[in-house]
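Asker: Requesting a structural model of the entry that follows:
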Amino acid sequence: MNEEQLHDQFGAEAETQAVAVSAMSCPTTVSEDVCIEATVTITPTVTSGPPLVLCRGPLRLGRCPGTPSPTGTCNFSVQQNLCVEVPLTFDASVFATPGRVVCGAPLPVACPLRCIRICGVIVQGAQSSDVRFAQDINTARTVFAQCGIDVTPGPLITINAPNLLDLDDRPCNLGQTPTADQVQLFSNRPPGCTSMDIVAYYVRSLRSTFNGCAAFPPGLPGFVVDNVATGLVFAHETGHVLGLVHVANPANLMNPIVFQGNLTPAQCTTIQSNSLVSGC
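Answerer: Just a heads-up that it's a prediction; the model follows:
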C-alpha cells in the first residue's frame, strides 16, 4: 500500500476513530543567584616504601662507635613541602513546591485557542464540494484540538483547470522543487486568503499515486488531496504544512502508511511554534 492510501482498507474506520487528547502544560524557567560555601579538610599522610639497604665500606671487627640507642631503633625527622590540588564541583538540587493559589473570575468559555485557517480550491471535475470541505475541516479541528489549536475554514472556490485534474506531483517529497503543475495549481488562491493561510486543493488524482501531497511552492503554504482522501489524510497533510514529519507509530497522525489522529506533546510544540499558527 502506498503512502496515505487509506480509503479502501482504513479510510472509514480512521475518520471515526476517537482521538486521544493530551493536555498541554505551560512550561517556564526561573533562576536565582546562589552563593555556596564549602569546608575543605586536608589530612596529611606519609607512607614509607620498601627500604633499600646498602653496605658502606668494608666489614670491621668490634663494636659500633658512639652511644648505643636505648630502644634499639634509630629515629629521625624529615620534612617536605606539599602542594595539594583539590578538585571541587559545585552543584545544586532544586525542589519546587506549590505556593498559594489566587483564583480568577470563572468564565463560561473554554481557554483561548490558537488558530490556523484553511481555504479551499476545487479543481472542476474532482469529487468534492462544500460539504466535503466542511467535513475535512471538522476532522482536522478534532485532531488539532489536542494541541490547543482550532481549525477555521476560509473561502472555498472552484477553478476550471482540466490539465490539473490529474496532478503531476512526483516524487512528492517535502522541500522538493515544485513541478510545473504544482506551480500553476498553487497560484490559484481564493480571494481573501493570505500567505498566512493554508490552502487545500482538491484534484481527481495524483501522479505520485499518493492520496495527498504537501509539497508546495515557497510562500504558498498548502497541500493537495485526491478523490479518495479521507479527512485524516486532510489532517495529515495539514500536519506536514505545519512542520511535522513522518513517524513510525501507526497510531500517530504522521505515520506514512496507516495512521490515526493522535499527536505527541513534542509534535504539538512543533505545530505551536509554526508561523502559520496565530491567535484566534
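Asker: Now do the same for the residue nearest to A134 when sequence neighbours are not counted: helix, strand or coil?
Answerer: Leaving out its chain neighbours, the residue that sits closest to A134 by C-beta to C-beta, 6 or more residues apart in numbering is P153, at 6.8 Å. Every C-beta, even on glycine, is put in place using the N, C-alpha and C of the backbone. Assigned with DSSP: H, G, I helix; E, B strand; the rest coil, P153 falls in the strand class.
Asker: And the one 10 residues further on, by the same measure?
Answerer: Classification of N163 by three-state DSSP places it in helix.
Asker: contacting residues around it?
Answerer: N163 is in contact with 181, 184, counting by C-beta atoms under 8 Å, 6 or more residues apart in numbering.
Asker: swap the cut-off to 10 Å and go again
Answerer: If a contact means C-beta atoms under 10 Å, 6 or more residues apart in numbering, then N163 has 123, 180-181, 184-185 as its contacts.
Asker: so which of those residues comes closest to V101?
Answerer: L185 (53.2 Å; C-beta to C-beta).
Asker: Would you agree that closest one falls within a helix?
Answerer: Yes. According to three-state DSSP, L185 belongs to a helix.
Asker: wouldn't it be in contact with D166 here?
Answerer: No. Using C-beta atoms under 10 Å as the test, L185 is too far from D166 to be in contact (11.5 Å).
Asker: Please identify which of the two sits among more neighbours.
Answerer: Neighbours per residue (other C-beta atoms under 10 Å) separate L185 from D166, with L185 holding more: 27 against 16.
Asker: Could I get the CA-only coordinates of stretch 35-54 as PDB?
Answerer: Written as PDB, here are the backbone C-alpha positions of stretch 35-54 (Å, rounded to 0.1, in the frame of the first residue of the first chain):
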ATOM      1  CA  CYS A  35      26.400  31.600  46.900                       C
ATOM      2  CA  ILE A  36      27.700  28.200  48.000                       C
ATOM      3  CA  GLU A  37      30.200  27.700  50.800                       C
ATOM      4  CA  ALA A  38      32.300  24.600  51.300                       C
ATOM      5  CA  THR A  39      34.700  23.400  54.000                       C
ATOM      6  CA  VAL A  40      37.800  21.500  52.800                       C
ATOM      7  CA  THR A  41      39.800  19.400  55.200                       C
ATOM      8  CA  ILE A  42      43.300  18.100  54.200                       C
ATOM      9  CA  THR A  43      44.600  15.200  56.200                       C
ATOM     10  CA  PRO A  44      48.400  14.600  55.700                       C
ATOM     11  CA  THR A  45      49.600  11.100  55.100                       C
ATOM     12  CA  VAL A  46      53.100   9.600  54.900                       C
ATOM     13  CA  THR A  47      53.700   6.100  53.500                       C
ATOM     14  CA  SER A  48      57.100   4.500  53.600                       C
ATOM     15  CA  GLY A  49      58.100   2.300  50.700                       C
ATOM     16  CA  PRO A  50      60.400  -0.800  50.800                       C
ATOM     17  CA  PRO A  51      63.800   0.100  52.200                       C
ATOM     18  CA  LEU A  52      66.900  -0.100  50.100                       C
ATOM     19  CA  VAL A  53      69.800  -1.400  52.200                       C
ATOM     20  CA  LEU A  54      73.400  -0.800  51.000                       C
END
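Asker: distance between it and the chain's centre?
Answerer: The gap between the average C-alpha position of stretch 35-54 and the chain average comes to 52 Å, counting by C-alpha atoms, centre = their mean, to the nearest Å.
Asker: rewinding a little: could you tell me which residues touch both of L185 and D166?
Answerer: 123, 203.
Asker: if we can go back for a sec, for the residue nearest to A134, list the residues it contacts.
Answerer: P153 makes contact with 117-120, 130, 133-134, 136-138, 140-141, 200, according to C-beta under 10 Å, 6+ apart.
Asker: for the stretch 101-250 of the chain, what spans make up the strands?
Answerer: Residue ranges of the strands in the stretch 101-250 of the chain, as given by DSSP state E, counting those that start in this stretch, are 114-123, 149-159, 166-167, 198-202, 205-206, 212-213, 222-225.
Asker: what's in contact with the third one?
Answerer: Applying C-beta under 10 Å, 6+ apart, the set of residues contacting strand 166-167 from outside is 123, 125-126, 161, 179, 181-182, 184-185, 201, 203-208, 213, 224, 226.
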